[in-house]
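Participant: Generate coordinates for the sequence data below:
(2 chains)
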Protein chains: 2
Amino acid sequence: MVKALVFDAYGTLFDVHSVREKCNEWFPEQGEAISQTWREKQLNYFFLRQLMERYEPFDQVTREALRYACKANDVTLRDEAEEELMEAYLNLDLFEEVEEVLSQLNDKKLVVFSNGSPVMIDPLIDRSDISGYIDDVLSADGVKQYKPVPAAYYYAQQELGIEKEDILFMSSNPWDISGAASFGFRTAWINRNGLPKEELDIQPEVEYENLKGLLEWRD
Amino acid sequence: MVKALVFDAYGTLFDVHSVREKCNEWFPEQGEAISQTWREKQLNYFFLRQLMERYEPFDQVTREALRYACKANDVTLRDEAEEELMEAYLNLDLFEEVEEVLSQLNDKKLVVFSNGSPVMIDPLIDRSDISGYIDDVLSADGVKQYKPVPAAYYYAQQELGIEKEDILFMSSNPWDISGAASFGFRTAWINRNGLPKEELDIQPEVEYENLKGLLEWRD
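Facilitator: Predicted coordinates for the structure are as follows:
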C-alpha cells in the first residue's frame, strides 16, 4: 500500500526549458540552444562532481553550467544576465497538467524530492501554484549526495520514515527513475519526451506520458 | 620528473566514430546519428551504473548502448549487425598523428589506461599500429570502478607503482581529464573537438589540440 507519492522536480513537475524565453531576451534566437546546453551541462556537472567526490550544491552547479552554456554558444554572459537567468530558475513553469492532477491526489501524502539545493527548490515550490498540495520538500543537499546514488534515495526514505516499498516515485528523467528503481522504490516513469526504454537490467514499474497517468494508477 | 605517460584510449588515441562506416553499411545514411547516440549512451550508462553501484563491464555497457542507439534512431538491430558493430569497436582507427607521436616518445614509459574491459581494450591495442610502443595496458575493470572515480585512478597508480605526481595523464574527454586532475595526476587535455574550458574548480595543467603538443611538453 503506497503511503507517499514522491515527485522529482526538474523536468517532471517543472519545465526546465521555460528559461528559454529569458535566454532569448538576452541572446536573441539562441535561447533554445543555450537552454539545451545549460540543462545538459547541469546534468553532466552533478554526475561528474558526484563521481569525483567533489560535491557542490545544485545552485553552484547550475550557475557553472550556465556559464559553460554561454561559452559553448559563443555569447558573453554579463553579471546582470547571469543573475536574471538564475532567478528564472526559481520561476519555472509547471507542466500544464500538474496542478490539476495533484489537486485530485490530495488524499495522499505528496512530496517533492529533488537534487536542487534548498535555495533553489524551496522558492520554486513556494511561488508555484502547487505549493498548497505539497506536504514536504526534500533536497539531496541534506545528505550532500546527488540522485541517482543509493544514499540519496535512502536519505529521502529516512526523512519520510516510510518503507521503501510503500513509496511511489515519479520522474521524467531516465537516470532518476533507474536510480530509484535500483534502490527499491516503486516507480512510475513520466516519459514526457517519448524516449525509448533504457537497455538496463532495471526498469520502472509503469510508464506514463504525463502525470495524468497517475489518476488511473492502482496499488 | 614524469616517469610514465598514461593515455586514455577511446576518443584520445582511437576515434570511436570510425564505427560510423560500419553503421552506414547496415543503416544507410544513419551511421553518423547512430554512432553519436551510441557513444553518448555508452558514457551515460557507465556514469549511471557507477552512480547506482551496479557495475557491469564496458563490453556489456557498450552493447546495451548500441541497442539503445538503434531504438532511438528507429532501426532494427539484427543479431548479425550487432556482432559486426561490436567487432568494429575492436578495430577503431587511430587518430592520424598518434603513431608518429608515440614513436618519438619511445624513451618514456607509455601506458594505456581505459574504462574498456580487457576483452575490448586488449584486442584494440594488439591489432593497432601502436602496440609495439605501449608498455602496459590497464583497465578500470581491474577494480570494477569506472573513471572518473578516484578509486579508478588510484588503481592505475598502484599498478604502475609510481607517485601520482610523476604520472602525466592524457585524455580528450573532459570528464576524464577533470577526474585525473582531481585525483592528483599531472594532466594534458587533448582537446580534439575545440571544446570550451570546463567551469570547474579543477583544470588540466596544459591543453593541446592533438597529441603533437606532447612533443613540446617539458617537465
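Participant: got the contact list for residue A:174?
Facilitator: A:189, A:195, A:198 (Cβ atoms under 8 Å, 6 or more residues apart in numbering or on different chains). Using the backbone N, CA and C atoms, a C-beta is placed for each residue, glycine as well.
Participant: go with 10 Å
Facilitator: A:148, A:189, A:191, A:193, A:195-198, A:200, A:204, B:44, B:48, B:68 (Cβ atoms under 10 Å, 6 or more residues apart in numbering or on different chains).
Participant: Which ones among those residues lie within strands?
Facilitator: Those of those mapping onto strands are residue A:189, per DSSP state E.
Participant: Tell me where chain A has helices.
Facilitator: A:20-26, A:31-52, A:58-72, A:79-88, A:98-104, A:118-126, A:150-160, A:174-183 (DSSP state H).
Participant: The ones you listed: which one's closest to residue A:7?
Facilitator: Checking the helices of chain A against residue A:7 by Cβ to Cβ gives helix A:98-104 as the closest, at 8.6 Å.
Participant: per-residue confidence for residue A:106?
Facilitator: Residue A:106 is assigned a predicted lDDT (pLDDT) of 85.
Participant: just checking, it touches residue A:132?
Facilitator: Yes - counting by Cβ atoms under 10 Å, residue A:106 does reach residue A:132; the two are 9.1 Å apart.
Participant: Single out the most deeply packed of the helices of chain A.
Facilitator: Mean neighbour counts were taken over the helices of chain A using mean count of other Cβ atoms under 10 Å in any protein chain shown, and the top value, a mean of 25, falls to helix A:174-183.
Participant: List the contacts of the residue nearest to residue A:104 when sequence neighbours are not counted.
Facilitator: Nearest residue to residue A:104, sequence neighbours excluded (Cβ to Cβ, 6 or more residues apart in numbering or on different chains): residue A:215, at 6.1 Å. By Cβ under 10 Å, 6+ apart, the contact list for residue A:215 reads A:97, A:100, A:101, A:104, A:105, A:208.
Participant: Apply 8 Å and report the result again.
Facilitator: A:101, A:104, A:105.
Participant: Enumerate the beta-bridge partners assigned to the residue nearest to residue A:159 when sequence neighbours are not counted.
Facilitator: Closest residue in space to residue A:159, ignoring its immediate chain neighbours: residue A:138 at 5.5 Å, by Cβ to Cβ, 6+ apart. Assessed by DSSP bridges, residue A:138 has beta-bridge partners residue A:113.
Participant: Looking at residue A:138 now. What's its pLDDT?
Facilitator: 98.
Participant: What number of neighbouring residues does it come out with?
Facilitator: The tally of other residues near residue A:138 (other Cβ atoms under 10 Å in any protein chain shown) stands at 20.
Participant: Surely it touches residue A:112?
Facilitator: Yes - using Cβ atoms under 8 Å, residue A:138 makes contact with residue A:112 at a distance of 6.9 Å.
Participant: what's the overlap in contacts for the two?
Facilitator: In contact with both residue A:138 and residue A:112: residue A:6, using Cβ under 8 Å, 6+ apart.
Participant: now the nearest residue to residue A:123 once chain neighbours are set aside: how far from residue A:170?
Facilitator: Using Cβ to Cβ, 6+ apart and skipping the chain neighbours, the partner closest in space to residue A:123 is residue A:90 (4.6 Å). Per Cβ to Cβ, to the nearest Å, residue A:90 is found 22 Å from residue A:170.
Participant: These two: who's more crowded?
Facilitator: residue A:170 (27 against 18).
Participant: follow-up on the earlier one: rebuild the helices of chain A as TSV, extending it with distance to residue B:7.
Facilitator: TSV is the format used below for the helices of chain A (distance: least, Cβ to Cβ, whole Å):
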stretch	distance to residue B:7
helix A:20-26	38
helix A:31-52	20
helix A:58-72	26
helix A:79-88	37
helix A:98-104	48
helix A:118-126	39
helix A:150-160	33
helix A:174-183	29
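Participant: thinking again about what came up before, list only those of the contacts of residue A:174 flagged as buried.
Facilitator: A:148, A:189, A:191, A:196, A:198, A:200, A:204, B:44, B:48, B:68 (16 or more other Cβ atoms under 10 Å in any protein chain shown).
Participant: Tell me which two in those residues are the farthest apart.
Facilitator: Applying Cβ to Cβ across the buried ones among the contacts of residue A:174, the maximum distance is between A:148 and A:196, 18.6 Å.
Participant: residues contacting residue A:86?
Facilitator: Here residue A:86 is in contact with A:59, A:62, A:63, A:66 (Cβ under 8 Å, 6+ apart).
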